[in-house]
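Visitor: quick one, structure for this:
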Amino acid sequence: MRVTADTRPASYVQTPPHRGLALAVMAAGMFLVLLDVTVVNVALPGIGAELHTGHSDLQWVVDGYTVPFAALLLGCGALGDAYGHRRMVLAGLVLFGAASVGCGAAMSPGLLVGARAVQGMGAALLLPGTLAMVTRLFPERREQARAVGIWAGVSSLALPAGPLLGGLLVTVAGWRAVFLANLPAVVAAGAATLRGVPADWLGRRTFDRAGLAGVGTATVALGALVFAVIELGRDGLTPAVGSAVVVAIVGAAAFVLTQRRSADPILPGWLAASPAFVSANLVAGAMNVVGIGTIFVTTLYLQVVQDDTALRAGVELLPLFAPLAMLSPVTGRLAARYGPRVPMAAGLLLGAAGMLDLLRLDADSTYLGLLPALLGLGVGMGLLTPAVVAAALRAAPADRAGLASGVTNAVRQAAGALGVAVFGAVAGTPQHPTSFVLGMHRLGVLAAGLWIAAAVLTVAVRPGATLE
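Guide: So this is what the prediction gives:
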């Protein structure tokens, strides 16, 4: 069996008349995906009270979204290259919207977690296509780098918007409004996609049986890996973690075998061996390990150690989140002019300096004591995020943009889960403030070392390897 696709030559590109509208829609789609990662956290107490949900079930309200999202990204990116990313984005919006209704109507913890899993599937369909279509809308490298900066800037607004919007919706209308509020945005994004992106933007790839089997085995391997990381951070080394690791290893081995047998593998060997592509994804992974892990422990520090409310903690984290949105378009212009390497290295070094500032923190520090670390990390990630995405996309040909996007975002999601697990384990419980702050000191050194190593890798990659 073969999946057929558009037979037009790879050089064929039809520029849509509404590129600005299409770019706005793709950024809005990514905004929705990230918003539902963060917005649900402030709704958890209300969910627990109404549905009589225990701590474990509440954790799965969050992780039930993350596992299928990370597991399906690689496969959905590759399928988008074959079937067309416009179709995948529209399918993702429909599935995401339907699942949001299911979340808002759920009357039991099991139904809510199941609906969250379907939301994660819709997000996985949606996300790779948004970035792939940005690269198709703006094929010239400089304008593409600027467009990626705008895409990253708009989508990064979801990080500060999540706690603030979630807190407002829960206060005014209850926790169900957090999910039902997605519907107007989904409908508007779907209508704008139909208007702004040409219907003939179909895929050009083909998959044989082994290639399609690669999609399935990659999904199993990634899903099991992310599940193992989440469970390890939550309960330590348990039989469930061991079983998931075994499944991940078997799935990865099956993926390699199917790729060797495929005439057109979803992850070609030449791409996996590309220094630029591999280094960009290693840096992207390091970015999310530190970034997501630090957000997790800092939130605990503010709410438990400092005894702040959830809404106040969300406001206090704005110096970390705001630079992501404000600097991303600027970074896009820098990457367009100088290549991704310069903003990547600068962001990593500034972020490392911010993480080292955690060494000055103690349990009774004022907010001003934490502010330099938040600003350093926020500015660093604002410079780094669009640049590292642009670097990964540059390392792949245009007809594999969906695959490149899927790989990079799968790496980032898995690394974010790993960051929460590792940073949570090193910091310990915030109910013991002194030891928790000492753990944050260790994390500052660990994170700074990791980002400095990533900066060295960024500089060491040969310029001709497409980072510049």
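Visitor: where do the helices sit along the stretch 201-350 of the chain?
Guide: 209-235, 239-261, 269-272, 275-300, 310-316, 318-338, 341-356 (DSSP state H, counting those that start in this stretch).
Visitor: Arg116 is nearest to which of those?
Guide: Evaluated over those, closeness to Arg116 peaks at helix 209-235, with 13.6 Å, by C-beta to C-beta. Glycine gets a C-beta too; all of them are placed from N, C-alpha and C.
Visitor: taking helix 275-300 as reference, get the angle to the closest one.
Guide: Here the directions of helix 209-235 and helix 275-300 differ by 30 degrees (axes from the mean of the first three to the mean of the last three C-alpha atoms, to 10 degrees).
Visitor: what's helix 209-235 packed up against?
Guide: The criterion is 3 or more C-beta pairs under 8 Å, 6 or more residues apart in numbering; DSSP states H and E, and the helices and strands that helix 209-235 contacts are helix 55-83, helix 239-261, helix 401-427.
Visitor: dump these to CSV, plus distance to Ala391 and mean neighbour count.
Guide: Below are the helices and strands packed on helix 209-235 laid out as CSV (distance: least, C-beta to C-beta, whole Å; neighbours: other C-beta atoms under 10 Å):
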stretch, distance to Ala391, mean neighbour count
helix 55-83, 17, 24
helix 239-261, 24, 16
helix 401-427, 9, 25
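Visitor: the nearest residue to Ala221 once chain neighbours are set aside and Ala410, how far apart?
Guide: Spatially, and ignoring its direct neighbours in sequence, Ala221 is nearest to Gly251 (3.2 Å; C-beta to C-beta, 6 or more residues apart in numbering). Gly251 sits 13 Å away from Ala410 when distances are taken as C-beta to C-beta, to the nearest Å.
Visitor: okay, now the nearest residue to Leu157 once chain neighbours are set aside: neighbour count?
Guide: Spatial nearest neighbour of Leu157, chain neighbours left out: Ala325 (4.6 Å); criterion: C-beta to C-beta, 6+ apart. By other C-beta atoms under 10 Å, 20 other residues sit near Ala325.
Visitor: ditto for Leu111
Guide: 14.
Visitor: pretty sure it contacts Val101?
Guide: No. Contact criterion C-beta atoms under 8 Å: Leu111 and Val101 do not qualify, at 11.8 Å.
Visitor: per-residue confidence at Ala453?
Guide: pLDDT for Ala453: 93.
Visitor: check Gly406 too.
Guide: At Gly406, pLDDT is 68.
Visitor: now Val290
Guide: pLDDT, read off for Val290, is 90.
Visitor: quick one: it and Val422 touch, right?
Guide: No. Under the criterion of C-beta under 8 Å, Val290 is not in contact with Val422, lying 9.9 Å apart.
Visitor: still on that earlier bit, to Thr331, which of the helices and strands packed on helix 209-235 lies closest?
Guide: Of the helices and strands packed on helix 209-235, nearest to Thr331 by C-beta to C-beta is helix 401-427, at 16.0 Å.
Visitor: isn't there a helix covering Gln431?
Guide: No. Using DSSP: H, G, I helix; E, B strand; the rest coil, the assignment for Gln431 is coil, not a helix.
Visitor: the closest residue to it other than its chain neighbours - how many residues pack around it?
Guide: Excluding the flanking residues, the one nearest Gln431 by C-beta to C-beta, 6+ apart is Val304, at 6.8 Å. Neighbourhood size, Val304 [other C-beta under 10 Å]: 15.
Visitor: what's the spacing between Val304 and Val148?
Guide: Distance from Val304 to Val148, counting by C-beta to C-beta: 37 Å.
Visitor: okay, Gly428: pLDDT?
Guide: Gly428 carries a pLDDT value of 76.
Visitor: what of Ala213?
Guide: For Ala213, pLDDT reads 75.
Visitor: equivalent analysis for the one 10 residues further on, please.
Guide: For Gly223, the model assigns a pLDDT of 79.
Visitor: let me see the contact set for it.
Guide: 67-68, 70-72 (C-beta atoms under 8 Å, 6 or more residues apart in numbering).
Visitor: run the last query once more with 7 Å
Guide: Residues in contact with Gly223 (C-beta atoms under 7 Å, 6 or more residues apart in numbering) are 67-68, 71.
Visitor: distance check, it against Pro319.
Guide: From Gly223 over to Pro319 (counting by C-beta to C-beta), the distance is 35 Å.
Visitor: cool, and Val25?
Guide: 29 Å.
Visitor: please parse the chain into its domains.
Guide: Per automatic domain parsing, the structural domains of the chain span 16-198, 208-265, 270-468.
Visitor: ok, how many other residues are close to Ser274?
Guide: 18.
Visitor: surely it touches Arg394?
Guide: No. Between Ser274 and Arg394 there is no contact under C-beta atoms under 7 Å: 10.3 Å.
Visitor: where does the stretch 101-250 of the chain dip in pLDDT?
Guide: Scanning the stretch 101-250 of the chain for pLDDT under 70 picks out 141, 145, 156, 159-160, 196, 198-212, 233-234.
Visitor: how about 90 then?
Guide: Within the stretch 101-250 of the chain, the stretches with pLDDT under 90 are 106-110, 113, 117, 120-121, 123-245, 247-248.
Visitor: tally up the residues packed near Thr366, please.
Guide: Thr366 has 8 nearby residues by other C-beta under 10 Å.
Visitor: look up how far Met287 lies from it.
Guide: Thr366 sits at a distance of 28 Å from Met287 (criterion: C-beta to C-beta).
Visitor: and His432, by the same measure?
Guide: Distance from His432 to Met287, by C-beta to C-beta: 29 Å.
Visitor: the more surrounded of those two?
Guide: Using other C-beta under 10 Å as the criterion, His432 and Met287 rank with Met287 on top: 27 against 13.
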